[in-house]
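Asks: sequence first, then the predicted structure:
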Amino acid sequence: MEEGERLAQALEALKATHFDAAGSAGDYAALARSREQAELAAALSALEGVDPKRLSIPWQTAFWLNAYNACVLRDHAEIGGGGFFARQR
(Lines give C-alpha, C1' and ligand atoms only; values in the text may rest on other atoms or scores of the structure.)
Protein backbone atom coordinates (compact mmCIF):
# COMPACT_ATOMS: atom_id res chain seq x y z
CA MET A 1 0.00 0.00 0.00
CA GLU A 2 1.99 2.87 -1.33
CA GLU A 3 -0.27 5.69 -0.06
CA GLY A 4 -0.19 4.37 3.51
CA GLU A 5 3.58 4.12 3.42
CA ARG A 6 3.78 7.67 2.08
CA LEU A 7 1.65 8.86 5.00
CA ALA A 8 3.79 6.99 7.53
CA GLN A 9 6.94 8.52 6.03
CA ALA A 10 5.41 12.01 6.09
CA LEU A 11 4.51 11.59 9.76
CA GLU A 12 8.03 10.41 10.60
CA ALA A 13 9.64 13.32 8.73
CA LEU A 14 7.39 15.82 10.50
CA LYS A 15 8.11 14.24 13.87
CA ALA A 16 11.87 14.21 13.28
CA THR A 17 11.92 17.85 12.24
CA HIS A 18 9.38 19.49 14.54
CA PHE A 19 9.22 17.39 17.73
CA ASP A 20 11.73 16.89 20.50
CA ALA A 21 12.79 13.53 21.95
CA ALA A 22 9.92 13.65 24.48
CA GLY A 23 7.38 14.01 21.66
CA SER A 24 6.54 17.65 22.34
CA ALA A 25 6.05 19.90 19.37
CA GLY A 26 8.05 23.05 19.08
CA ASP A 27 6.80 25.98 17.06
CA TYR A 28 3.41 25.18 15.51
CA ALA A 29 3.58 28.30 13.35
CA ALA A 30 6.81 27.02 11.79
CA LEU A 31 5.29 23.56 11.43
CA ALA A 32 2.30 25.05 9.56
CA ARG A 33 4.65 26.66 7.02
CA SER A 34 7.00 23.71 6.64
CA ARG A 35 7.54 21.45 3.65
CA GLU A 36 6.91 18.50 5.99
CA GLN A 37 3.42 19.89 6.67
CA ALA A 38 2.80 20.28 2.94
CA GLU A 39 3.91 16.68 2.34
CA LEU A 40 1.66 15.49 5.16
CA ALA A 41 -1.33 17.26 3.60
CA ALA A 42 -0.48 15.79 0.18
CA ALA A 43 -0.12 12.29 1.67
CA LEU A 44 -3.55 12.65 3.31
CA SER A 45 -5.09 13.74 0.01
CA ALA A 46 -3.57 10.72 -1.70
CA LEU A 47 -5.54 8.44 0.65
CA GLU A 48 -8.80 9.35 -1.07
CA GLY A 49 -8.73 6.29 -3.30
CA VAL A 50 -7.63 3.80 -0.62
CA ASP A 51 -10.11 1.16 0.53
CA PRO A 52 -8.99 0.19 4.05
CA LYS A 53 -11.30 -2.84 4.01
CA ARG A 54 -8.91 -4.48 1.58
CA LEU A 55 -6.16 -4.42 4.21
CA SER A 56 -5.51 -6.95 6.92
CA ILE A 57 -6.69 -5.98 10.41
CA PRO A 58 -3.18 -4.99 11.62
CA TRP A 59 -2.72 -2.79 8.55
CA GLN A 60 -6.18 -1.28 9.02
CA THR A 61 -5.27 -0.38 12.59
CA ALA A 62 -2.03 1.28 11.50
CA PHE A 63 -3.83 3.02 8.64
CA TRP A 64 -6.51 4.56 10.87
CA LEU A 65 -4.08 5.56 13.62
CA ASN A 66 -1.77 7.23 11.11
CA ALA A 67 -4.69 8.94 9.35
CA TYR A 68 -6.06 10.27 12.65
CA ASN A 69 -2.65 11.50 13.85
CA ALA A 70 -1.94 13.11 10.49
CA CYS A 71 -5.30 14.92 10.49
CA VAL A 72 -4.73 16.20 14.02
CA LEU A 73 -1.24 17.46 13.14
CA ARG A 74 -2.41 19.03 9.88
CA ASP A 75 -5.41 20.75 11.43
CA HIS A 76 -3.70 21.80 14.67
CA ALA A 77 -0.92 23.48 12.73
CA GLU A 78 -3.40 25.24 10.43
CA ILE A 79 -5.93 26.23 13.12
CA GLY A 80 -3.55 26.84 15.98
CA GLY A 81 -3.72 25.49 19.50
CA GLY A 82 -6.54 27.56 20.96
CA GLY A 83 -9.67 25.46 21.18
CA PHE A 84 -8.42 22.87 18.72
CA PHE A 85 -10.47 19.98 20.05
CA ALA A 86 -13.55 22.17 20.57
CA ARG A 87 -13.86 23.06 16.87
CA GLN A 88 -15.91 20.92 14.53
CA ARG A 89 -14.28 19.71 11.37
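Replies: Great, that's in hand. Numbering: from 1, shown residues only.
Asks: which stretches in the chain count as helices?
Replies: 2-18, 28-32, 35-45, 57-79 (DSSP state H).
Asks: weakest of those helices by average pLDDT?
Replies: With a mean of 80, helix 28-32 has the lowest mean pLDDT of the helices of the chain.
Asks: just checking, what packs against it?
Replies: Applying 3 or more CB pairs under 8 Å, 6 or more residues apart in numbering; DSSP states H and E, we find helix 28-32 packed against helix 2-18, helix 57-79. From N, CA and C alone the C-beta is placed, and that goes for glycine too.
Asks: tell me who's in contact with the most centrally placed residue in the chain.
Replies: Per CA atoms, centre = their mean, the C-alpha nearest to the average position across the chain is that of A70, at 1.5 Å. Contact analysis of A70 by CB atoms under 8 Å, 6 or more residues apart in numbering lists 7, 10-11, 40, 43-44.
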